[in-house]
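> for reference, the sequence and a predicted model appear below.
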Amino acid sequence: MRITDAFLSVPAIILAIVVSVLLKASFIGMIYSFIIVWWPIYARLFRLRPLGLRPWIT
């Protein structure tokens, strides 16, 4: 999750602009930039959901 934290520390719009410039501002480049910007949010969501369902052991 360290890589996810690193991606979340960068503002999303700046990261999307940088990626779209590197991928030659096309429609496919825009799609890839959205994927790169949004994957950490979904990764954290999918990781924390099962952890929240885990029964508490005392």
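That came through fine. Numbering: from 1, shown residues only.
> could you use CA atoms for every contact and neighbour count after this?
Fine.
> by contact count, what packs against the longest helix seen in the chain?
In the chain, assigned by DSSP state H, the helix with the most residues is helix 27-53. Other elements packing on helix 27-53 under the criterion 3 or more CA pairs under 8 Å, 6 or more residues apart in numbering; DSSP states H and E are helix 2-9, helix 12-22.
> for these, which one sits closest to Ala43?
Smallest distance to Ala43 across those (CA to CA): 7.7 Å, for helix 2-9.
> what about Leu51, how many neighbours?
Counted with other CA atoms under 10 Å, residues neighbouring Leu51 total 9.
> ok, the residue nearest to Val19 when sequence neighbours are not counted - contacts?
Spatial nearest neighbour of Val19, chain neighbours left out: Ser33 (5.4 Å); criterion: CA to CA, 6 or more residues apart in numbering. Contacts of Ser33 were listed using CA atoms under 8 Å, 6 or more residues apart in numbering, and they are Leu15, Ala16, Ile17, Val19, Ser20.
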